[in-house]
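Asker: This is the structure alone, sequence omitted:
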């Protein structure tokens with residue numbers, strides 16, 4: 001059965017207060033569909049619609065005002081046939097505190113608005129566009145648009161029996177302060193083929209589970225992390241496929257793309273990136289598993305996260321070198337000792353440091369032209385890898401040294417000495433010319449992250465100091481992820 005709100009006296013002229021007429025329709029219909037004709041229907045108070053009884057359907061329909069969506073059927077399995085379709089909801093403005101477009105909450109102590117479909121619905125210009133309250137779960141959004149809000153979708157902590165499998169497919173969230181604010185430990189939000197466009201933040205989450213599949217994420221630049229996790233017992237963020245694009249990364253002042261202040265598990269897999277650059281050069285704060293494809297390799301962060309550093313002691317704070325750092329070129333080939341050779345030696349040192357109290361001291365012990373090379377090696381991870389380090393010089397030693405980033409097939413020979421069967425440079429060799437002047441701490445990066453070839457077992461930072469006169473330089477804060 002279908003019945004039009006016009007039968008109850010509603011007028012879609014954008015001026016008439018239709019609160020009473022639409023409320024009468026909501027209270028009079030026990031099943032079927034309540035239809036809204038073309039036009040703008042103004043209401044001046046929040047009206048309650050029991051979607052366990054009927055559906056709402058529009059035809060080029062705009063409602064100025066707010067609805068509270070309830071369900072009184074328990075168990076709510078029969079709600080699966082009910083929906084809101086083809087209606088645009090317009091609010092008083094995103095800066096009007098407390099305004100809510102669609103409020104989902106329980107209708108009785110045991111029942112709520114569950115198993116409901118929203119199709120081609122638009123919600124715009126509210127403090128909170130969608131608010132999920134008590135006993136709200138299994139809500140399905142298809143081809144909906146939610147934007148120009150302070151928060152597009154909000155599911156707070158404290159509401160009960162709420163948050164199970166909230167699904168958004170082909171939806172758009174745009175031009176808001178925050179797209180999703182979810183802080184309920186029962187929350188499971190799933191987004192498929194959705195767009196997150198030009199909002200200050202995309203997702204803020206706490207102790208919940210959020211998954212994005214094939215979504216488009218775009219903004220001019222970010223002044224705060226687009227993904228923020230405040231705490232995370234049992235939390236999970238998964239982003240799979242899709243695109244992440246920052247149009248003007250040079251204007252980004254955010255420290256991270258994903259700010260994980262918790263033990264939440266984060267997976268960022270096979271996302272096409274462009275402009276994913278932050279001021280820290282880190283993609284994430286906290287743990288993250290990141291595998292990506294770059295649309296613009298010059299504009300994406302090369303370090304996944306400091307806590308993901310493959311080196312155990314990249315700051316060289318231990319009394320001895322404990323990572324796989326070894327002399328490769330010396331008088332003896334292969335070298336007899338990993339760290340002490342005839343032409344070159346490696347040791348941790350208190351002479352100078354950038355952070356902590358020590359750094360790696362590299363000493364050239366023989367004249368310019370004598371063989372002297374060493375490597376910092378880590379095993380490949382099977383995903384994109386990036387690296388950075390800092391170097392400095394205190395003394396007046398002259399000459400030059402070179403560094404490069406390489407993939408290598410490395411194995412241990414019978415004397416437990418590293419041997420490189422094959423190597424390939426993936427970031428061009430750079431020559432550092434030394435003068436009598438000291439060199440302050442200087443940053444070196446891979447600029448972006450790179451996928452290792454199938455034959456590679458290790459990534460190397462290779463140093464060639466053949467061109468140095470006797471003297472020292474220092475390496476510090478090596479991060480490889």
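Answerer: Arrived safely. None of the values given here were measured: they were computed from a predicted structure.
Asker: What is the neighbour count of residue 31?
Answerer: For residue 31, the neighbour count with other CB atoms under 10 Å is 11. Where you see a C-beta, it was placed from the backbone N, CA and C, and this is true even at glycine.
Asker: Next one, pLDDT for the spatially closest residue to residue 395 that is not a sequence neighbour please.
Answerer: In space, and not counting its chain neighbours, residue 395 is closest to residue 471: 5.2 Å by CB to CB, 6 or more residues apart in numbering. Per-residue pLDDT puts residue 471 at 96.
Asker: got it, and residue 481?
Answerer: Note on residue 481: pLDDT of 92.
Asker: picking that back up, what spatial separation is found between the residue nearest to residue 395 and residue 438?
Answerer: Per CB to CB, to the nearest Å, residue 471 is found 11 Å from residue 438.
Asker: Looking at those two, which is more packed in?
Answerer: Counted by other CB under 10 Å, residue 471 and residue 438 do not tie: residue 471 has more neighbours, with 18 against 13.
Asker: surely the more buried one meets residue 394?
Answerer: No: look at residue 471 against residue 394 with CB atoms under 8 Å: they stay out of range, at 9.2 Å.
Asker: In contact with the most centrally placed residue in the chain: list those residues for me.
Answerer: Centroid-nearest residue in the chain, with CA atoms, centre = their mean: residue 258, separated by 3.9 Å. Going by CB atoms under 8 Å, 6 or more residues apart in numbering, residue 258 touches 225, 227, 229, 237, 266, 268, 283-286, 288.
Asker: Kindly indicate which of those residues lies nearest residue 429.
Answerer: For these, the residue nearest residue 429 by CB to CB is residue 283; the value is 26.2 Å.
Asker: Now do stretch 397-413: distance to the chain's middle.
Answerer: 33 Å (CA atoms, centre = their mean, to the nearest Å).
Asker: same question, stretch 54-74
Answerer: For stretch 54-74, the gap between its own C-alpha mean and the chain's C-alpha mean amounts to 34 Å (CA atoms, centre = their mean).
Asker: Identify each buried residue in that stretch, please.
Answerer: Within stretch 54-74, the residues that qualify as buried by neighbour count (16 or more other CB atoms under 10 Å) are 54-58, 61-74.
Asker: what's near enough to touch the nearest residue to residue 87 once chain neighbours are set aside?
Answerer: Distances taken as CB to CB, 6+ apart put residue 58 closest to residue 87, at 3.7 Å, once the chain neighbours are dropped. Going by CB under 8 Å, 6+ apart, residue 58 touches 35-36, 85-88.
Asker: buried sites along stretch 2-17?
Answerer: Using 16+ other CB under 10 Å as the test for burial, stretch 2-17 gives 5-6, 8, 10-12, 16.
Asker: That one: end-to-end distance?
Answerer: End-to-end span of stretch 2-17 (CA to CA, to the nearest Å): 23 Å.
Asker: Report the rounded mean pLDDT for that stretch.
Answerer: 96.
Asker: now stretch 303-313
Answerer: The predicted model assigns stretch 303-313 a mean pLDDT of 93.
Asker: Name the residues of that stretch that are buried.
Answerer: 303-305, 308-311, 313.
Asker: same thing with stretch 320-333?
Answerer: Within stretch 320-333, the residues that count as buried by 16+ other CB under 10 Å are 321, 323-330.
Asker: Stretch 471-481 too?
Answerer: The neighbour-count check on stretch 471-481 (16+ other CB under 10 Å) flags 471-481 as buried.
Asker: okay if I get these as TSV plus secondary structure and distance to residue 219?
Answerer: Conversion of the buried residues of stretch 471-481 to TSV gives the following (DSSP: H, G, I helix; E, B strand; the rest coil; distance: CB to CB, whole Å):
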residue	secondary structure	distance to residue 219
471	strand	48
472	strand	46
473	strand	41
474	strand	39
475	strand	36
476	strand	34
477	strand	30
478	strand	32
479	strand	27
480	strand	29
481	coil	24
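Asker: could these go into TSV alongside distance to residue 146?
Answerer: Shown next, in TSV, are the buried residues of stretch 471-481 (distance: CB to CB, whole Å):
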residue	distance to residue 146
471	63
472	60
473	55
474	53
475	50
476	47
477	43
478	45
479	39
480	41
481	35
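Asker: tell me which of those residues is nearest to residue 381?
Answerer: Of all the buried residues of stretch 471-481, residue 381 sits closest to residue 481, with 8.0 Å by CB to CB.
Asker: And the average pLDDT for the lengthiest strand in the chain is what?
Answerer: Across the chain, the longest stretch assigned as strand under DSSP state E is strand 418-434. On average, the pLDDT along strand 418-434 is 95.
Asker: Confirm for me that residue 300 is in contact with residue 445.
Answerer: No: the criterion here is CB under 8 Å, and residue 300 misses it with residue 445 at 11.7 Å.
Asker: still on that earlier bit, top of the contacts of residue 258 by number of neighbours, please.
Answerer: residue 284 (29 neighbours).
Asker: Tell me the bridge partners for that residue.
Answerer: Here residue 284 sits in beta bridges with residue 258, as judged by DSSP bridges.
Asker: Spit out the contact partners of it.
Answerer: 256-260, 266, 268, 290, 304-305.
Asker: Recalculate using a threshold of 7 Å.
Answerer: 256-258, 260, 266, 304-305 (CB atoms under 7 Å, 6 or more residues apart in numbering).
Asker: Closest one to residue 116 out of those, please.
Answerer: Residue 116 lies nearest to residue 266 out of the contacts of residue 284, by CB to CB, at 30.5 Å.
Asker: Are we agreed that the closest one is in a helix?
Answerer: No: counting by DSSP: H, G, I helix; E, B strand; the rest coil, one finds residue 266 to be strand, located in no helix.
Asker: Next one, pLDDT for it please.
Answerer: At residue 266, the pLDDT value in this model is 94.
Asker: Let me see the contact set for the residue nearest to residue 136 when sequence neighbours are not counted.
Answerer: With sequence-adjacent residues excluded and distances taken as CB to CB, 6+ apart, residue 136 is closest to residue 104, at 4.2 Å. Contacts were defined as CB under 7 Å, 6+ apart; by that measure residue 104 touches 69, 113, 131-133, 136, 139.
Asker: so after the helix or strand bottoming out on mean pLDDT in the chain, what's the next helix or strand?
Answerer: Least confident helix or strand of the chain, by mean pLDDT, DSSP states H and E, is strand 289-296 with a mean of 68. Downstream of strand 289-296, the next assigned helix or strand under DSSP states H and E is strand 325-329.
Asker: gap between that next one and the chain center?
Answerer: 37 Å.
Asker: In a helix, residue 23, correct?
Answerer: Yes: judged by three-state DSSP, residue 23 forms part of a helix.
Asker: which phi and psi does the nearest residue to it once chain neighbours are set aside have?
Answerer: Nearest-residue entry for residue 23: residue 47, 5.3 Å, with adjacent residues in sequence omitted and distances by CB to CB, 6+ apart. The phi/psi pair for residue 47 (degrees, to the nearest 10) reads phi -100, psi 150.
Asker: Contact partners for residue 47?
Answerer: So residue 47 contacts 19, 22-23, 26, 67 (CB under 7 Å, 6+ apart).
Asker: what stretches of the stretch 151-300 of the chain score poorly on pLDDT?
Answerer: For the stretch 151-300 of the chain, the stretches with pLDDT under 70 are 293-299.
Asker: packing partners for the following helix or strand past the longest strand of the chain?
Answerer: Sequence order places strand 439-445 as the next helix or strand after strand 418-434, per DSSP H and E. Packing partners of strand 439-445 (3 or more CB pairs under 7 Å, 6 or more residues apart in numbering; DSSP states H and E): strand 387-393.
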